[in-house]
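> model the following, please.
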Amino acid sequence: MKIPFSPPYIDQDIIDEVTHTLESGWITTGPKVKLLEEETAMYSGVEKAVAVNSATSAMMLVLHWMGITRGDEVILPAYTYCATALAAMHIGATPVMVEIGPDFNIDPQAIKKAITPKTKAIIAVDLGGWPCDYEAIYAVLAANEIQQMFAPASPQQKQLGRILVMNDAAHSLGARYNHHPVAKAADITVFSLHAVKNVTSAEGGIICLNLPAPFDNNAVYATMKLWSMNGQTKDALAKSTAGGWQYDIVYPGFKLNMPDVLAAIGLAQLRKYIATLHAERKRVVELYHSLFKGKNWAILPAFERVGTVPSYHLYLLRIEGANEQQRNQIINKIAEAEVSVNVHFTPLPMLAVFKEKGYDIANYPIAYQQYANVITLPVYPQLTTAQITYVAQTVIEATESVLD
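Prediction:
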């Protein structure tokens, strides 16, 4: 039985939405992007959402809007995809990597130790779709010594009056924290709509604005939309109206906009996800749980906390007692049975671009330990009970043959 890792969910409703866009004659940024923004904001419980061309671009735009630049520091977990750190690097800031906890998420106490007067933002990452402990993160920022250390250097930083908390929620669209949508947990949340995500637009990202008063999230939305379109006062749709050709460039912005043809995919996906797909992903995860529960070597994902619901994006199965070499042997045996699995992720300090800048995995023993024995199993709505059972049995047989 051949099991792919993460095929996109494409049904006739999604095809029809895209076809409607193509037939409309308008394929770049326009009405479908607006609808996607509105429906994502509503689902996420925030005032406004900004659709752009990727989650990486989204994080860059947020940091730039916050006035973060050269000499500033951005704290983030050592265990994440490279985009989290690259977003900070691309706007000139220094990524400050810290340790994670047993749930793969950033350790709030490690954040506390890493804060300096140069710290302007924290990027938390809901790895696998499991929300971070945001209450603990905000408790760190509320401490007197941390507040006194904060040195604002832009109007936005002064208005916020503390370090920004941004959620790299690439994996966690659909998750809930403290009984609320996860986008309510941080100041700003960024979702990814990349091809392998729970909701996809093929490529894309969405910024959910949840900034506290006195910020006007509607005004911030307008600014980010402007900056994501080269600082141009009219988008292509507005310019196409009769007599609407005149525009101005009022800011040296970026070209980060999402086109309607991709927003159409995302719009249909989001509606389907809310209706059925999130529940289907939960079904897959719960069956994995039941199949691995009796194995003393199986460390199951941490999906239990009052008021918290994951997005069920990834199933991070850890093999207790296995080292990195054994884990790789297990993966090779699984591949022989035509089951595609993965590893999320290689910790940042192990990647060449970061090693060359002096980051050392020896400083992150927990991150390395988690990485060395983890295997990511396929999770998507199309998986049948028979396929899930086959994946689990293949993993069990491969693991026990290597560990024996």
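> from here on, just use CA atoms for contacts and neighbour counts.
OK.
> please enumerate the strands of the stretch 51-200 of the chain.
For the stretch 51-200 of the chain, strands defined by DSSP state E, counting those that start in this stretch occupy the ranges 73-77, 94-98, 119-125, 164-168, 176-177, 180-181, 188-192.
> and the next helix or strand after the last one, which strands flank it?
Sequence order places strand 205-209 as the next helix or strand after strand 188-192, per DSSP states H and E. Using DSSP bridges, the neighbouring strands of strand 205-209 in the sheet come out as strand 48-52 (antiparallel), strand 188-192 (antiparallel).
> columns mean pLDDT, distance to residue 7 and mean neighbour count on top of these, output as TSV?
Formatted as TSV, the strands paired with strand 205-209 follow (pLDDT from 0 to 100; distance: least, C-alpha to C-alpha, whole Å; neighbours: other C-alpha atoms under 10 Å):
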stretch	mean pLDDT	distance to residue 7	mean neighbour count
strand 48-52	98	23	27
strand 188-192	99	16	29
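> ok, which of those strands comes nearest residue 230?
strand 48-52 (12.5 Å; C-alpha to C-alpha).
> before we move on, the earlier item: and the strands of the stretch 51-200 of the chain as CSV, adding distance to residue 28?
Shown next, in CSV, are those (distance: least, C-alpha to C-alpha, whole Å):
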stretch, distance to residue 28
strand 73-77, 33
strand 94-98, 34
strand 119-125, 30
strand 164-168, 26
strand 176-177, 32
strand 180-181, 29
strand 188-192, 19
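> between those strands, which one is closest to residue 316.
The minimum distance between residue 316 and the strands of the stretch 51-200 of the chain falls on strand 119-125, with 14.8 Å, by C-alpha to C-alpha.
> mind giving me the packing neighbours of that closest one?
Counting contacts by 3 or more C-alpha pairs under 8 Å, 6 or more residues apart in numbering; DSSP states H and E, strand 119-125 packs against strand 73-77, strand 164-168.
> swap the cut-off to 10 Å and go again
Here strand 119-125 touches helix 55-65, strand 73-77, helix 82-90, strand 94-98, helix 108-114, helix 134-142, strand 164-168, strand 188-192, going by 3 or more C-alpha pairs under 10 Å, 6 or more residues apart in numbering; DSSP states H and E.
> hey, which of those is tucked in deepest?
Of these, the one with the most neighbours on average (mean count of other C-alpha atoms under 10 Å) is strand 188-192, at a mean of 29.
> using PDB, write out every CA atom in that strand.
Extracted in PDB, the C-alpha atoms of strand 188-192 (Å, rounded to 0.1, in the frame of the first residue of the first chain):
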ATOM      1  CA  ILE A 188      -0.300  39.300  15.700                       C
ATOM      2  CA  THR A 189      -0.700  35.900  14.300                       C
ATOM      3  CA  VAL A 190       0.600  34.700  10.900                       C
ATOM      4  CA  PHE A 191      -0.900  31.700   9.200                       C
ATOM      5  CA  SER A 192       0.600  29.800   6.300                       C
END
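> which strand or helix spans residue 234?
Per DSSP H and E: residue 234 is located in neither a helix nor a strand.
> residue 227 is in contact with that one, correct?
No. Using C-alpha atoms under 10 Å, residue 234 makes no contact with residue 227, being 11.4 Å away.
> who's more crowded, the two?
The residue with more neighbours, out of residue 234 and residue 227 and counting by other C-alpha atoms under 10 Å, is residue 227; that gives 24 against 17.
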